[in-house]
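A.B. asks: sequence first, predicted model second:
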Amino acid sequence: DSNFDEMISSIKNGYYLVGSYGGQVDPSRGEFLFNAKHGFVIKNGELKKLVKGVSLTGNILDILPKINLVGKDLQFGQGICGKCSQSVPVSEGAPHFKIDLARVGGQK
């Protein structure tokens, strides 16, 4: 039941990841990789510098218990799922959510 500003202000050091450039999941192990369009460094509850080429990676069963805030701003959009030059239109969406500890990588 949190709003976006409450989530950001509760973060001392972290990242806000925006949009999706795809990803992958290994369902047999629960490992995933999510590529964001871009992100922002969060310092003391404020969005700071832009980061590009940023990704979130981990294990689904490790990450789920670390989600401690979920926003009330659920939105859906259109996406594409595919591999090997094949694609299928899909819907995608989620509210904002805060993960206490996650593996994030990228470049400035």
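C.D. replies: Structure received. Keep in mind that this is a model prediction, so the values were computed, not measured.
A.B. asks: thinking residue 26 is in contact with residue 58, fair?
C.D. replies: No: between residue 26 and residue 58 there is no contact under C-beta atoms under 8 Å: 11.6 Å. From N, CA and C alone the C-beta is placed, and that goes for glycine too.
A.B. asks: which residues do these two both contact?
C.D. replies: Counting by C-beta atoms under 8 Å, 6 or more residues apart in numbering, the shared contacts of residue 26 and residue 58 are residue 32.
A.B. asks: more neighbours, these two?
C.D. replies: residue 58 (19 against 11; other C-beta atoms under 10 Å).
A.B. asks: next one: the more buried one relative to residue 105, how far apart?
C.D. replies: Residue 58 sits 11 Å away from residue 105, going by C-beta to C-beta, to the nearest Å.
A.B. asks: so in this structure, where's the weakest helix or strand by average pLDDT?
C.D. replies: strand 103-107 (a mean of 73; mean pLDDT, DSSP states H and E).
A.B. asks: any idea which helix or strand comes after the lengthiest helix in the chain?
C.D. replies: For the chain, the helix with the greatest residue count under DSSP state H is helix 4-9. Once helix 4-9 ends, the next helix or strand along the chain (criterion: DSSP states H and E) is strand 13-18.
A.B. asks: can I get that next one in PDB, CA atoms only?
C.D. replies: In PDB, the C-alpha atoms belonging to strand 13-18 read as follows (Å, rounded to 0.1, in the frame of the first residue of the first chain):
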ATOM      1  CA  ASN A  13      21.600   3.500  -0.800                       C
ATOM      2  CA  GLY A  14      20.100   1.700  -3.800                       C
ATOM      3  CA  TYR A  15      18.900   1.800  -7.400                       C
ATOM      4  CA  TYR A  16      15.600   2.600  -9.100                       C
ATOM      5  CA  LEU A  17      15.300   0.500 -12.300                       C
ATOM      6  CA  VAL A  18      13.000   1.800 -15.100                       C
END
